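Visitor: Any chance you can model this:
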Amino acid sequence: MDPNSTATPETIALARQILRSIYLATEGRHLATCRLGSIPGATTAAVIYAIRAHWIELESDSTVCLTPEGRRLAIKQAN
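Guide: Presented below is the predicted three-dimensional model:
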């Protein structure tokens with residue numbers, strides 16, 4: 001499924017912010033998890049977009065981790 005099919009620009013921007021927040025919270029460590037509740041402003045739509053874009057993976061107990069693609073994108077955005 002194309003993650004862009006129904007996402008608004010605001011949802012995409014928030015998904016990228018979530019990505020950066022997870023990267024900072026986990027210090028970029030591979031497969032380190034972060035609780036969704038600790039990410040300010042995270043919406044269901046943005047989280048679903050990030051999952052469908054293969055930037056993050058949903059783990060148990062409302063935690064997420066970056067995928068390799070998500071880490072690459074977060075690093076790219078930081079530079």
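Visitor: Tell me which residues are up against the longest helix along the chain.
Guide: In the chain, assigned by DSSP state H, the helix with the most residues is helix 9-25. Applying C-beta atoms under 8 Å, 6 or more residues apart in numbering, the contact partners of helix 9-25 are 4, 7, 34, 38-43, 45-47, 49-50, 53, 55-56, 64-66, 70-71, 73-75, 77-78. Every C-beta, even on glycine, is put in place using the N, C-alpha and C of the backbone.
Visitor: next helix or strand past that helix?
Guide: As assigned by DSSP states H and E, the chain's next helix or strand after helix 9-25 is strand 33-35.
Visitor: Check the average confidence over that following strand, would you?
Guide: The average pLDDT within strand 33-35 is 93.
Visitor: Run through who's touching it.
Guide: 21-22, 25-26, 59, 61-65.
Visitor: make it 10 Å
Guide: 18, 21-26, 56-57, 59-66 (C-beta atoms under 10 Å, 6 or more residues apart in numbering).
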